[in-house]
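Novice: Attaching a predicted model along with its sequence, questions to come.
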Amino acid sequence: KEITYLNQLYERGKENGLENLKLLSEKELKEFEPHVNGIKGIHVPQTGIIDYTEVSQKLKEILIENGAEFKFNEEVTDIKLSDDKVEVITKGNSFSGGFIVSCAGLQSDRIAKMTNPDLPLRIIPFRGEYYKLTKEKERLVKTLIYPVPDPAFPFLGVHFTNLINGGVEAGPNAVFAFKREGYSKFSFDVKDAFESLTWPGFLKVAKKYWRTGAGEFYRSFSKGAFVKALRRLIPEVNEEDLAPGGAGVRAQACDKTGGLLDDFYFAENKRVIHVCNAPSPAATASLAIGNFIAEKIFESLND
């Protein structure tokens, strides 16, 4: 049942300019990944991995060379707009300029509501938890192995990733987080949880996907269940082959109708652009996204 969507991904990849994409038969799949379970696949030669911390540090270096300043630990409390400028007020300072772009991740809806009080979405945090393959079992993975994503549910599903400094990561699941910056199973924040659980859109999501959500929570606390999900891709993986890995929190935008946004969402004013949803692969596409936002700024200033 996944082959139709796999074929659509292949055609979309060609339309987007990827070269030398190849649809793989079961036999060809085994040539790339001898231990993988599948009847068909796509080989994407352009796929790769980078150290994104290093990329970010380099971007920071280039920006400073071109006159940019970085200010950390400046919690934004308000944004004030006028005809000729925008002022960002923090707990300790205020900053003014001709234009502001906010990319606030897990806090993006709260920042956007400072200028767009009727923002029609809310950020719902989902924690993704990872394991790492033990050294002896890293041989099971040669490239990056992904399942066919479910078009109805904007999460990638568990996959295998070779890490830039060695090792293989397995995961993630997608567990509702009771805290926006909650990176452990027991992280909890009253305000964050209340805002999520009272959002009409999230209640509709919970009603529609409660079985999926329950399964994700079960996988969070059951290593055996997590392994079962990984075995869909590589049947040889066992519980003893996994060591605890890290976790991340996805800033998932959810609208009032219960839609989980799987595309970019911008809230705009005369002198403001808020990036309210930047789904995967936002890091991979960050420079292209930057160009897109820059074009929007010039259009707005020239109106």
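Specialist: That came through, no problem.
Novice: mind listing the strands in this structure by residue range?
Specialist: 22-25, 40-43, 76-81, 86-90, 94-97, 100-102, 121-133, 159-162, 168-171, 175-176, 242-255, 265-269, 272-277 (DSSP state E).
Novice: I'd like to know how many residues surround the spatially closest residue to Y52 that is not a sequence neighbour.
Specialist: For Y52, ignoring the flanking residues on the chain, the nearest one in space by CB to CB, 6 or more residues apart in numbering is A283 at 5.5 Å. Glycine gets a C-beta too; all of them are placed from N, C-alpha and C. Here the number of neighbours of A283 (other CB atoms under 10 Å) works out to 12.
Novice: quick one: the spatially closest residue to T90 that is not a sequence neighbour and V88, what's the gap?
Specialist: Counting by CB to CB, 6+ apart, T90 lies nearest to E74, which is 4.1 Å off, once chain neighbours are set aside. Per CB to CB, to the nearest Å, E74 is found 9 Å from V88.
Novice: Neighbour count for those two, which is higher?
Specialist: Using other CB under 10 Å, the more surrounded residue of E74 and V88 is V88, with 20 against 14.
Novice: Was I right to think V275 contacts S108?
Specialist: Yes. The criterion here is CB atoms under 8 Å, and V275 meets it with S108 at 6.6 Å.
Novice: anything in contact with each of these two?
Specialist: S102 (CB atoms under 8 Å, 6 or more residues apart in numbering).
Novice: Which among the strands of the chain is found nearest to T143?
Specialist: Counting by CB to CB, T143 lies closest to strand 159-162 out of the strands of the chain; the figure is 7.1 Å.
Novice: Which residues does that closest one contact?
Specialist: So strand 159-162 is contacted by 49, 133, 140-141, 143-147, 168-171, 230, 233-234 (CB under 8 Å, 6+ apart).
Novice: Out of the residues you listed, the closest to A243 would be?
Specialist: For the contacts of strand 159-162, the nearest to A243 is L133 (7.7 Å; CB to CB).
Novice: Give the closest residue to that closest one in space, chain neighbours not counted.
Specialist: V168 (4.3 Å).
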